[in-house]
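>>> dropping the sequence and predicted coords here.
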Amino acid sequence: MGAISFTARATRIGSARLGRLETPHGPVDTPQFMPVGTQATVKSLTPGDLRAAGTQMILGNTYHLSLRPGHERIARLGGLHRFMAWDGPILTDSGGFQVFSLAHMTRVDDDGVTFASHLDGSPQRLTPERSMEIQAALGSDVAMAFDQLVDPTLPAEKVREAMERTHLWAERSLAAHRGSGQAGSQALFGIIQGGIDPELRRESTTRIVGLGFDGIAVGGLSVGESKAEMAATLDVVAEALGDDPRPRYLMGVGSPLDFFTAVERGIDLFDCVLPTRVARNGQVWTDEGRLNLRNARFLDDPAPLDARCHCETCQNHSRAYLAHLFRAEELLAYRLSSLHNVTYTLDLMARIRGALADGSFASLREVVAAQFSTPVAGPISHS
RNA sequence: GGGUAGGUUGAGCAGGUGGUGAGCUCCGCUGACUGUAGAUCAGCCGUCUUUCGACUGUGGGGGUUCGAUUCCCUCCCUGCCCA
């Protein structure tokens, strides 16, 4: 009946589990990372690049695609999969994040959000029903409920207000999704909010869990709170979720170390712009930690970005070459670095799955923590 | 040879018609980035100093002056025009 099915088994590491998500466009092994393709493209990468990197599932965005090129147009052209030539699973974000990131151009009321388009300033209206309509037109495998996230450091009453609105919108999202008959071909995930307040998070988790979504997402994290606060919040959510069998998706995370924090607290799915964004800005992730390819020290370095990596970049090109491409602002720099970071991130998730299976999760975490805790590109030692 | 416009911190410029020139853009160096308004943004970018701050610097030399980037003399260099 549902569009997706999910099976997972517990491991002996915290709340961590190994699972498999079946979608209309294929399976997803969990824990899994989903590269972000906001505007019907994971910036600078082709579907072939994504496949080569090991990508199973990607993201698209309701707000951006509805403004340009327009979800109706995408629907006429055969849906988002065909439009962008990605035949694997796609999850679409609801536009809720843009309520946050474009907050200075929005006005929120209980019914929905009014935007000034970031493209031309024209007034735009997003409601739970409208978000479901757009996501149906895009034809994603997984749609997200329309939510409101806020800065978790705001006064508790503001965080509660956004949380309660999110709950209201979750029910309307669900009703609209069911009412339109898209539930057979598209799953819908609900989103937990509540900032970093344990009571609010617990309350939000209970409310969202009770609504009958196909999956449960944790929203409103990695937006400025500390690592400790994020971990503590995930602990609260994990406890409140108990043995709920549905897939758990931590939105907007993350960095290599964040994956370990979240996986052992039961998270199955991740998405984040970080690997692709930092790649475009010259930072690559490797088994030596972070490297900033714009640093002068790489200009004469003949080594690949990462000696262990199997990606096209590492198989063919040197750090010196990438350092040159970034200085020259050559477009290939963005593709080669993005391809590597996506490969690195997906490989890391595969290593995490392997470590969950064979019990080496803790030692893998230590290895990665050592690589990423100390910035490699620190001040030059004069000793 | 004559005329003319110039010579400012790596490059390109702004400014300054006797009262303290460290301002901009590149380049360069470094950092940041977490459900993408981001191939973006921020800091630094003469010397010394952690900072505060101090010092030096307007082609070279000389002159006038309390004081010169500014006025005078001279030399060097560059662009353009004419021979």
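Done, it's in.

>>> and A:D268, how many neighbours?
26 (other C-beta atoms under 10 Å). Backbone N, C-alpha and C define where each C-beta goes, glycine included.

>>> how about stretch A:269-276 against RNA strand B, any contact?
Yes: judged by C-beta under 7 Å from any atom of the strand, stretch A:269-276 comes into contact with RNA strand B through A:D271, A:C272, A:V273, A:L274, A:T276.

>>> contacts for that stretch?
Stretch A:269-276 has contacts (C-beta atoms under 8 Å, 6 or more residues apart in numbering) with A:21, A:28, A:30-36, A:38, A:42-45, A:57, A:59, A:91, A:215, A:222, A:247-255, A:259, A:262, A:285, A:338, A:341-342, A:344-345, A:349.

>>> of these, list those near RNA strand B.
Counting by C-beta under 7 Å from any atom of the strand, A:V36, A:T38, A:V42, A:K43, A:L59, A:S222, A:M251, A:G252, A:V253, A:G254, A:S255 from those sit close to RNA strand B.

>>> can I get those in JSON lines with neighbour count, pLDDT and distance to A:A240?
What follows is those, written out as JSON lines (neighbours: other C-beta atoms under 10 Å; pLDDT from 0 to 100; distance: C-beta to C-beta, whole Å):
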{"residue": "A:V36", "neighbour count": "22", "pLDDT": "98", "distance to A:A240": "27"}
{"residue": "A:T38", "neighbour count": "19", "pLDDT": "98", "distance to A:A240": "30"}
{"residue": "A:V42", "neighbour count": "28", "pLDDT": "98", "distance to A:A240": "33"}
{"residue": "A:K43", "neighbour count": "17", "pLDDT": "98", "distance to A:A240": "36"}
{"residue": "A:L59", "neighbour count": "21", "pLDDT": "98", "distance to A:A240": "25"}
{"residue": "A:S222", "neighbour count": "18", "pLDDT": "95", "distance to A:A240": "19"}
{"residue": "A:M251", "neighbour count": "27", "pLDDT": "98", "distance to A:A240": "17"}
{"residue": "A:G252", "neighbour count": "22", "pLDDT": "98", "distance to A:A240": "20"}
{"residue": "A:V253", "neighbour count": "22", "pLDDT": "97", "distance to A:A240": "18"}
{"residue": "A:G254", "neighbour count": "24", "pLDDT": "91", "distance to A:A240": "21"}
{"residue": "A:S255", "neighbour count": "18", "pLDDT": "97", "distance to A:A240": "25"}
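
>>> out of those, list just those in strands.
Cross-referencing those against strands under DSSP state E gives A:L59.

>>> list the helices and strands the strand or helix carrying A:L188 packs on?
Here A:L188 sits within strand A:187-192, counting by DSSP states H and E. Judged by 3 or more C-beta pairs under 8 Å, 6 or more residues apart in numbering; DSSP states H and E, the packing partners of strand A:187-192 are strand A:142-144, helix A:156-179, helix A:198-209, strand A:215-218.

>>> at 6 Å what do you get?
Packing partners of strand A:187-192 (3 or more C-beta pairs under 6 Å, 6 or more residues apart in numbering; DSSP states H and E): strand A:142-144, helix A:198-209, strand A:215-218.
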